[in-house]
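Visitor: Only the shape, not the letters, is given here:
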């Protein structure tokens, strides 16, 4: 078969660190950059006699996310123990959600660059989003053949966001990840700092002959912490899977890592299924009950969401779908643009969009600055 006879199938699992002040089941701090193991309390490492207590702020952020993607916020969800052994998992299990997650369904609409200067619309459906705690971290550098264990991250609150396998190229996967990254920052539940591990992506990648309904065997690329690496990793993995099959080999379900230095993926371990983790309800935690009043309070506290703001920019300012989507790609860009138009007037809405998207952004990028660091304020730009 030629390359064009294959279809790529991609689903993403994204771990978004919730920006609470303390961990999901204890009062320990989640501040980044602390000395190793100074933020791992007795609850985080499950010393005998301690009990976890659920962080209400983590639940509120999960509700906010569910509402933002048009999902169902479950009136009852259950925490489970996910059992596996790894040195940086001090309990021997991770508290997560399995059969009854807090958020079910939902979708994200996005624009995907078509590689020809244009873009097309794409809807990615979500399967679920569930609350869980993070594990610790293994440190392999500077230990001369040994591994150090830092348990500061153990118990850090995560919202794991699982998509349907709706993406058909690395470009679609990156566009979805960017849209999700912008959304969790927009609604104020995650700082999105990928360098610090606040937003980590796992990509499930498989290929199948065009026209085949059954999915191929997938391999999961773990811990992608930049959009550039995500695109490189998926593109390499797709080429590797197609070449393997065309050479008469078979794809084995596996977890793989991406090496940015070589641009290649390599197998880390065989891929586990749910039954391998022996999930069972955590006996120390009651079911999470979310009533209608709590949901409505969360809904009332939400800012204007990107899709609504995009439609308003198109209606009120006459912007094209592409311009409106670009300007609502981040909360900072949307606010800067609106403040500029407020000074310049609606008649100048299109020129304002061009200045913010093209001239100002290009100059800031050249100087390595973000829009929030712009020496030119929206008022100054609007007056200009």
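Guide: Right, received. Where do you want to start? Computed from a predicted structure; not experimentally measured.

Visitor: same question for stretch 152-168, mean pLDDT?
Guide: Averaging pLDDT along stretch 152-168 gives 97.

Visitor: Now do residue 47 against residue 41, distance only.
Guide: Distance, residue 47 to residue 41, by Cβ to Cβ, to the nearest Å: 9 Å. Placement of C-beta: from N, CA and C, glycine included.

Visitor: and these two? which has more neighbours close in?
Guide: More crowded of residue 47 and residue 41, by other Cβ atoms under 10 Å: residue 41, with 19 against 11.

Visitor: I'd guessed the more buried one sits against residue 25; true?
Guide: No - assessed by Cβ atoms under 8 Å, residue 41 is found out of contact with residue 25, at 10.0 Å.

Visitor: low-scoring stretches of the chain, by residue?
Guide: 1-4, 271-272, 274 (pLDDT under 70).

Visitor: Which helix in it has the most residues?
Guide: helix 227-246 (DSSP state H).

Visitor: Distance from that one to the middle of the chain?
Guide: 20 Å (Cα atoms, centre = their mean, to the nearest Å).

Visitor: Quick one: residues in contact with the next helix or strand along the chain from it.
Guide: Next helix or strand after helix 227-246 toward the C-terminus (DSSP states H and E): strand 254-259. By Cβ atoms under 8 Å, 6 or more residues apart in numbering, the surrounding residues in contact with strand 254-259 are 219-224, 229, 232-233, 236-237, 264-272.

Visitor: Is there a quick PyMOL command that grabs whichever of those residues are buried?
Guide: To isolate the buried members of the contacts of strand 254-259 in PyMOL, using 16 or more other Cβ atoms under 10 Å:
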select buried, resi 219+220+221+222+224+229+232+233+236+237+265+271
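
Visitor: Okay, and which of the contacts of strand 254-259 map to helices?
Guide: Residues of the contacts of strand 254-259 located in helices (DSSP H): 229, 232-233, 236-237.

Visitor: want to throw those residues into CSV with distance to residue 53?
Guide: As requested, those are exported to CSV (distance: Cβ to Cβ, whole Å):
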residue, distance to residue 53
229, 37
232, 42
233, 38
236, 44
237, 41
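
Visitor: which of those residues lies closest to residue 312?
Guide: Of all the ones in helices among the contacts of strand 254-259, residue 229 has the smallest distance to residue 312: 34.6 Å, by Cβ to Cβ.
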